[in-house]
Structures are given as C-alpha cells and as structure tokens.
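A.B. asks: how does the following fold in three dimensions:
(one chain, ligands or ions: 1)
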Amino acid sequence: MLVLLDQTRLPAEEVELVCTDVPALVAAIQSLAVRGAPLLGIAGAYGVALAAARGFDVADAAEQLAHARPTAVNLAYGVRRVEEAYKAAMARSGNGSQRAAAQALAEARALHREDAEASARLSEYGNELLGELVPGGGLRLLTHCNTGVLVSGGQGTALGVVRAVHQAGELRKLWVDETRPLLQGARLTAYEAAREGMPYSVLSDNAAGSLFAEGEVDAVLVGADRIAADGAVANKVGTYPLAVLARHHEVPFVVVAPVTTVDLTTERGSDIEVEQRPGHEVTEIPPVHRTGGGPETGGGIPLAPVGAQAYNPAFDVTPPDLVTAIVTDRGVISPVTADTVAELCSTSRKGTSRTRNGMMNA
Ligand SMILES: CSC[C@@H](O)[C@@H](O)C(=O)COP(=O)(O)O
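C.D. replies: Alright, predicted model coming up:
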C-alpha cells in the first residue's frame, strides 16, 4: 500500500491517506491530496510499483496514472520510468513477476532519492544565484503556490531555495501568495514557513501589484510543472501575472525546477496542455471534508449563484523572455532561450554545465 499525507486537510489536520490500489491513487492525485510536480512523479512511480506488487495490470495502471493530470510532466516521467524498469525485468526473468515487482519498487525508490538529491542542488544553486542578482542580503522574496518539502523527496524547489536563504540568515520576508482557488500558498506554504520559523505574510493574489509598487519585493521565486523546449514555463495559475509585474518593476523572476521538469518534446509554451478544473473550485469555498452535493457543486459554501459558470485553469504559461533565470539541478539557465535550454539539457548529470554569465556549476 501507499501512505500519503493528505494535503487537502492541511493545515488543520495531518491525516494519512492510504491507497491500496491504482484508482485510489488516481483519485488522490486528482483531488490534490497529493500534488506538486516532483511529488506527482514520485507518487506515480510508487503507484506503478504498487500495481506490480499487487499483481494488477501494470500497463493499464501506468496508463491511468500517467493521465491522471495532464500538465506536470514529472507525473508521466515517474510512471513511465518505473513501467520501463518493470518491463525490462519481466523480459529478463520470463514469468518472474515477483522479481520484476521488486525491480519496479527499487526504481521508484531510486527516483525518490534522486529527487531529494536534485532538490539539494536546487537550493544551493538558487541561493548562490540570488546572492548575485540581489547583492546585500536581507531578501524579501515572493512565492506562489507550494513548492517545498510537501512536494518533494527533499527540500523542494522554489521554497527549498527560500529555506536555504533563511538558514543563511538572509531572509527578511517571505511573501506568500494565497494562490486561489485552492489556496496552496495560504494553506501549505504558510504551514511550511511557520514550521521553519520564517518571517512570512500571506497576501491575496491580487495584492501582489501594490506590493511591487511599494518596492517590497526583491525577487520572485516559483516552481514549474512543465518547461517547454523554448523555455516557456507552465506553473500554477497566477504565475504569469507575477512575471509581468516583475518585469514592469525590474525585479528578478526566477523559476526553480529539476531538469526532469524540462520537456524537450513540447516545442513551445503554447503546446503545453493546461489542466482545466471544475468550476466549483472557484465558485465555492471548499469544505475540508467533501460531502458531495451533486454534479453542479462541490459541497462547499457558495460564493456565486448556484450554476454560475467559471473559468478555472490550474496553470498558466509564462513566456521565456519574462523569466530572468531557470535554476535546475544541473546549473542555471540565463538568459532563457531554446538554445540555452537545449544546451543545459545536453550536459551530463555529473558533468559541468554553463550557468549565467558563463560561470560553471559542478
Ligand atoms: C515544486 S512544485 C512546482 C509546481 O508543481 C507548483 O508550483 C504547482 O503549480 C503545483 O500545482 P498543483 O495544482 O498544486 O499540483
């Protein structure tokens, strides 16, 4: 079985969600009980291992899991990687499905461990980059959605960098966008920031403009769900307006993501499939415990007339020219162009990679 922390119940309760089969895990992914690009990859990987261990149809399980949500490329990456390991082990051992199941689990664990290692490098490189972009320390950082330990095998992506800045004694303020409609910022990032003792404030998403105008933001740090070959970045809806604000106010806009989030098979940002979610997430305040209420409602407190139509994309796409830098576990991409993305992706994991201004990271 797979035991997850149910993120829909945070910060009120820390409740475990036990998945004993693939449909339960698919439901957990779709309800955002488990969410965030790197964690989706890890969960998908373990989901395939679970299917193998329990004797389910692994190809069918992989298909269901890979398509549970469309935007975060890490989900399909994790699923397909473990599926391939299982298939290769089956081919080697004939009918030895137990051995193949063990191989699938080993592959999921390897992916989990690699994500933790990648996140440590992201924190290090991101912290270094901020030191260059905003010299002098005492940083006021703005972030969107949730990108910390809750979504990673390690410290996370953007919030992992914030944590490194905080541990270095250089975080003056973390501005936490509430991240409507599902409030991953107010519920989850604030939960992590509080546990870490960070100085933070939650703001409504539409207060970000006045915060920039008052000169209160030194840099924006966000994660990514998919980075296209042209450097466009899909991330939680509300990221693109922050990038526009950052450009207008001449504030660095930095994306932090493992290289597994770069999808060279998606040529342009406009090719990225953006998940559309149910309207009731916008038109209702969600109940902590879903009680049903029919197809038109999510069982929450109505904010709009029942039956109101809603526009509810889960993500938006920020064009590369608005991105100051992408911090990856292989180094920093800046400027962000199709060429610099391709160059970074072509470097070997253990090799050196060019970073901004020709500097090198080990
Ligand atoms: C490290 S997480 C990067 C992204 O996955 C994160 O910013 C995000 O958009 C998560 O969206 P969610 O819909 O909560 O899964």
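A.B. asks: neighbours around the closest residue to the ligand within the stretch 101-250 of the chain, how many?
C.D. replies: Per C-beta to the nearest ligand atom, Gly223 is where the stretch 101-250 of the chain lies closest to the ligand, at 2.7 Å. C-beta here means a position set from N, CA and C on the backbone, and glycine is covered the same way. By the measure other C-beta atoms under 10 Å, the count of residues near Gly223 is 32.
A.B. asks: can you check His67 too?
C.D. replies: Neighbours of His67 under the rule other C-beta under 10 Å: 12.
A.B. asks: separation between it and Pro319?
C.D. replies: According to C-beta to C-beta, to the nearest Å, His67 and Pro319 sit 27 Å apart.
A.B. asks: so who does the residue of the stretch 101-250 of the chain closest to the ligand touch?
C.D. replies: Contacts for Gly223 (C-beta atoms under 8 Å, 6 or more residues apart in numbering) come out as 36-37, 145, 147, 151, 156-159, 235-236, 255-257.
A.B. asks: show me what from the stretch 151-300 of the chain comes close to the ligand.
C.D. replies: Residues of the stretch 151-300 of the chain lying near the ligand by C-beta under 6 Å from any ligand atom: Val151, Gly156, Thr157, Gln184, Gly223, Ala224, Asp225, Asn235, Lys236.
A.B. asks: same question for the stretch 1-150 of the chain.
C.D. replies: By the rule C-beta under 6 Å from any ligand atom, the part of the stretch 1-150 of the chain lying against the ligand is Leu32, Arg35, Gly36, Ala37, Pro38, Ala72, Cys145, Thr147.
A.B. asks: in the stretch 51-200 of the chain, what spans have low per-residue confidence?
C.D. replies: 95 (pLDDT under 70).
A.B. asks: where along it do the helices fall?
C.D. replies: Along the stretch 51-200 of the chain, the segments classed as helices by DSSP state H, counting those that start in this stretch run 58-66, 73-93, 97-133, 158-167, 190-196.
A.B. asks: ranking those helices by burial, who's on top?
C.D. replies: Sort these by mean neighbour count, taking mean count of other C-beta atoms under 10 Å, and helix 158-167 sits at the top with a mean of 26.
A.B. asks: give the burial count for Pro313, as a bare number.
C.D. replies: Applying other C-beta under 10 Å, we find 13 residues neighbouring Pro313.
A.B. asks: tell me how far the nearest residue to Ala120 once chain neighbours are set aside lies from Leu122.
C.D. replies: Using C-beta to C-beta, 6 or more residues apart in numbering and skipping residues adjacent in sequence, the residue nearest Ala120 is Gly154, 5.7 Å away. The gap separating Gly154 from Leu122 is 9 Å, by C-beta to C-beta.
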